[in-house]
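Chemist: fold the following, please.
(4 chains)
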Number of protein chains: 2
Amino acid sequence: MLYDALPTPRQAILPAERAVVPGLRRDARRDVADAAAHSRAIGGRLALISSAVEVQRHLLRAEQKVYRSGDPFTHLYVVNSGFYKVVTLSPDGREQIVSFKFRGDWLGLDGIADGAHDCDVVAMDIGEVWAIPYAALLQACALRPALMAVLHEGMSREITSDRNSLMTVCTLPADARVADFLSSWAGALARRGLRNDHIQLHMTRAEIGNYLGMTLETVSRALSRLAREQVIGFAGNGRRHILVHDAHALAGAAQHAPAAMLQ
Amino acid sequence: MLYDALPTPRQAILPAERAVVPGLRRDARRDVADAAAHSRAIGGRLALISSAVEVQRHLLRAEQKVYRSGDPFTHLYVVNSGFYKVVTLSPDGREQIVSFKFRGDWLGLDGIADGAHDCDVVAMDIGEVWAIPYAALLQACALRPALMAVLHEGMSREITSDRNSLMTVCTLPADARVADFLSSWAGALARRGLRNDHIQLHMTRAEIGNYLGMTLETVSRALSRLAREQVIGFAGNGRRHILVHDAHALAGAAQHAPAAMLQ
DNA sequence: CGGGCGTTTGAATCAAATCAATTGGAGTGG
DNA sequence: CCACTCCAATTGATTTGATTCAAACGCCCG
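Modeler: Numbering: from 1, shown residues only, chains lettered A, B, ... in the order given. This is a model prediction of the structure:
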């Protein structure tokens, strides 16, 4: 496992792989407007951060780590580009992917409490993160309430999204969890102004399964079933490129909870 | 469901149900010292908060809600006493208990991101929470860096503990999840300077099952097995009072992951 | 071209859910 | 005070969704 993540080129390239959203979903005029607004909001947040504090830009290749469990906590990070997985490791050796991260997401918030990180963050592709010294960020926050609001919003959103994951895992059967995963991913892309009818999965079935609390075979079967039902399709090479044919049906499939779980 | 939680007596009684920890675990001289230190730390945090901002004290009875999903976000809360469950509700009607809260825990952090709460917090017993206007808290934080540190630590800890829940649910079989639940609860009590060899469960088997992603029958069977193996015992009335006979064995039972989950 | 890895699919097995019956308190009212 | 109801918990029998075991396929890369 590579780990030259942080002591790396701190150069600036900024590939900025934003795509314009061509408004592909049928009934989605408002969705597109919302997405555009959100996208502006994310760009605005990034601009606010980089204008208020000195950020250090780090380029990462696939498999490189932004930080790892046990590292002393000194910086927070904001994702500028790329996709990342957050992995926690239990004392007895269990590994759990607890979330996936995109442009605009914060990384490192776990480290604040105890002064040391307690998870690994791994790039799933090339990408760029901005490192922000926590001390400097706090000082800047004192001067700029808007910056503080952005930071707190990030923490709060992290809490709610982690709780949503728990809800998904605890209340949905396997097939619905996979549908929910795809649907949420599409939503996250839309919120960033990226097209959301094509999903490029940057992870293996095993990683999806780990994240959703099931085996890779079950993930594969669930995807096959969704494809058989024409809800999604596969494009290109390694079955990792998903076409969302029917976003509505996909969202519906993500709600098929067993009756016992309702109430 | 009662909901006169907030517009309630704002009076102060402060029952302060701290028990002295008599050092019951065998090898636990250091644990006791740690627990005492933590306890002081929690008391210190509460003291810091109440000295820095004007808190409004709210007494709650069992089943009353501190806030509910959809409520506009205006206050954060800190638990002074009692036990609380945090419940999220999905759009399609699934209910999920995402955490249980104790003395010293923050409530309401979920509301910061969108200006509205997205879960219910329900008292499982009588207790007292302190309501802190968020705007006032931020102002106080600007003046008192230590207060900011306490707030951020609370958010960070919330993130890590939510992720731990996900890890537990995703990687452990049912019996181990129940053991882990008890073990974690005992740990949380110890950290607050409360005795941790007696656990009073304030919730039904169904609620534990919901939290752990299993049915009430499975919870009951897991508890029965732990009791049969002398790891725990039952005391008193409604099988809700647990005696932890062997904390070490309990922690061990919480690690029996299937081999496939290790790596 | 061959090896390795990721994915798919099938068959067998197993852990947990479901269905069902019983017990045990707590509270109520005659 | 006791019969009654209601609800939580326990325990057993059965079913089922997901895992495990196994085999085959496709793709990338040396």
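
Chemist: give me every residue in the stretch 151-263 of chain A lying close to DNA strand C.
Modeler: A:201, A:204-206, A:216-217, A:219-221, A:223-224, A:234, A:238-240, A:258, A:260 (C-beta under 7 Å from any atom of the strand). From N, CA and C alone the C-beta is placed, and that goes for glycine too.

Chemist: what's the burial count for the nearest residue to residue A:215 once chain neighbours are set aside?
Modeler: Leaving aside its sequence neighbours, residue A:215 sits nearest to residue A:209 (C-beta to C-beta, 6 or more residues apart in numbering or on different chains; 5.3 Å). By the criterion of other C-beta atoms under 10 Å in any protein chain shown, residue A:209 has 23 neighbours.

Chemist: residue A:209 is in what secondary structure piece?
Modeler: Here residue A:209 sits within helix A:205-212, counting by DSSP states H and E.

Chemist: tell me the angle the next helix or strand after that helix makes with helix A:205-212.
Modeler: With elements assigned by DSSP H and E, the helix or strand that comes after helix A:205-212 is helix A:216-228. Angle, helix A:216-228 to helix A:205-212, by axes from the mean of the first three to the mean of the last three C-alpha atoms, to 10 degrees: 100 degrees.

Chemist: which strands and helices lie in contact with helix A:216-228?
Modeler: Here helix A:216-228 touches helix A:174-191, helix A:205-212, strand A:232-235, going by 3 or more C-beta pairs under 8 Å, 6 or more residues apart in numbering or on different chains; DSSP states H and E.

Chemist: quick one: mean pLDDT for the helix holding residue A:209?
Modeler: Summarised as a single mean, pLDDT over helix A:205-212 is 98.

Chemist: please save the CA atoms from stretch A:115-132 in CSV.
Modeler: Provided in CSV are the C-alpha atoms of stretch A:115-132 (Å, rounded to 0.1, in the frame of the first residue of the first chain):
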residue,chain,number,x,y,z
GLY,A,115,-5.8,14.9,18.2
ALA,A,116,-5.2,11.9,16.0
HIS,A,117,-7.0,10.5,12.9
ASP,A,118,-8.9,7.3,13.4
CYS,A,119,-9.4,6.3,9.8
ASP,A,120,-7.6,6.1,6.5
VAL,A,121,-8.6,8.2,3.5
VAL,A,122,-7.6,6.7,0.2
ALA,A,123,-7.8,8.2,-3.3
MET,A,124,-9.6,5.9,-5.7
ASP,A,125,-8.3,7.9,-8.7
ILE,A,126,-6.1,10.8,-9.4
GLY,A,127,-7.4,13.9,-7.6
GLU,A,128,-6.5,17.0,-5.6
VAL,A,129,-7.1,17.8,-2.0
TRP,A,130,-6.5,21.1,-0.2
ALA,A,131,-4.7,20.8,3.1
ILE,A,132,-5.6,23.5,5.7
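
Chemist: straight-line length of stretch A:196-214, end to end?
Modeler: 25 Å (C-alpha to C-alpha, to the nearest Å).

Chemist: what bridges to the residue minimising distance to the centre of chain A?
Modeler: The centroid of chain A falls nearest to residue A:101 when counting by C-alpha atoms, centre = their mean (2.4 Å). Bridge pairing for residue A:101 (DSSP bridges) gives the partners residue A:84.

Chemist: any chance of CSV for the helices and strands packed on helix A:216-228, columns distance to residue B:74?
Modeler: Compiled in CSV, those are given as follows (distance: least, C-beta to C-beta, whole Å):
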stretch, distance to residue B:74
helix A:174-191, 26
helix A:205-212, 34
strand A:232-235, 42
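
Chemist: ok so, going back, give me the buried subset of the residues of the stretch 151-263 of chain A next to DNA strand C.
Modeler: Listed as buried from these are A:201, A:205, A:219, A:220, A:221, A:223; burial here means 16 or more other C-beta atoms under 10 Å in any protein chain shown.

Chemist: please identify which pair of those residues lies farthest apart.
Modeler: A:201 and A:221 (15.9 Å; C-beta to C-beta).

Chemist: pull out the buried residues from stretch A:151-160.
Modeler: A:151, A:152, A:153, A:154, A:155, A:156, A:157, A:158, A:159, A:160.

Chemist: pull the CA atoms of stretch A:163-178 into CSV?
Modeler: The C-alpha trace of stretch A:163-178 is given here as CSV (Å, rounded to 0.1, in the frame of the first residue of the first chain):
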residue,chain,number,x,y,z
ARG,A,163,-26.6,8.3,10.0
ASN,A,164,-28.2,7.8,6.7
SER,A,165,-25.7,5.1,5.9
LEU,A,166,-26.7,3.4,9.1
MET,A,167,-30.3,3.7,8.2
THR,A,168,-29.7,2.2,4.8
VAL,A,169,-27.8,-0.8,6.2
CYS,A,170,-30.2,-1.5,9.0
THR,A,171,-33.5,-1.2,7.3
LEU,A,172,-33.1,-2.2,3.7
PRO,A,173,-32.6,-5.6,2.1
ALA,A,174,-29.6,-6.2,0.0
ASP,A,175,-31.0,-5.3,-3.4
ALA,A,176,-32.5,-2.1,-2.1
ARG,A,177,-29.2,-1.1,-0.5
VAL,A,178,-27.5,-1.4,-3.8
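
Chemist: quick one: mean pLDDT over it.
Modeler: On average, stretch A:163-178 scores 98.

Chemist: list the buried ones in that stretch?
Modeler: Under 16+ other C-beta under 10 Å, the buried positions of stretch A:163-178 are A:163-172, A:174-178.

Chemist: what do you get for stretch A:61-71?
Modeler: Here stretch A:61-71 shows A:64, A:65, A:66, A:67, A:68, A:69, A:71 as buried, counting by 16+ other C-beta under 10 Å.

Chemist: which of those residues fall within strands?
Modeler: The strands, defined by DSSP state E, take in A:65, A:66, A:67 from the buried residues of stretch A:61-71.

Chemist: so who does the residue nearest to residue A:215 touch?
Modeler: A:215, A:216, A:218, A:219 (C-beta atoms under 8 Å, 6 or more residues apart in numbering or on different chains).

Chemist: do that again at 6 Å, thanks
Modeler: Residues in contact with residue A:209, defined by C-beta atoms under 6 Å, 6 or more residues apart in numbering or on different chains, are A:215, A:216, A:219.

Chemist: over to residue A:159?
Modeler: Counted by C-beta under 6 Å, 6+ apart, residue A:159 has contacts B:109, B:110, B:158, B:159.

Chemist: can you give the distance from the strand or helix carrying it to the centre of its chain?
Modeler: Using DSSP H and E, residue A:159 maps to helix A:145-171. Averaged C-alpha coordinates place helix A:145-171 at 12 Å from its chain's average position (C-alpha atoms, centre = their mean, to the nearest Å).

Chemist: what's the angle between that helix and helix B:145-171?
Modeler: Going by the same axes, to 10 degrees, helix A:145-171 makes 20 degrees with helix B:145-171.

Chemist: do helix A:145-171 and DNA strand D meet at all?
Modeler: No: contact between helix A:145-171 and DNA strand D is absent, the nearest approach being 10.4 Å (criterion: C-beta under 7 Å from any atom of the strand).

Chemist: returning to what we had before: which one of the buried residues of stretch A:163-178 is nearest residue B:119?
Modeler: For the buried residues of stretch A:163-178, the nearest to residue B:119 is residue A:163 (7.1 Å; C-beta to C-beta).
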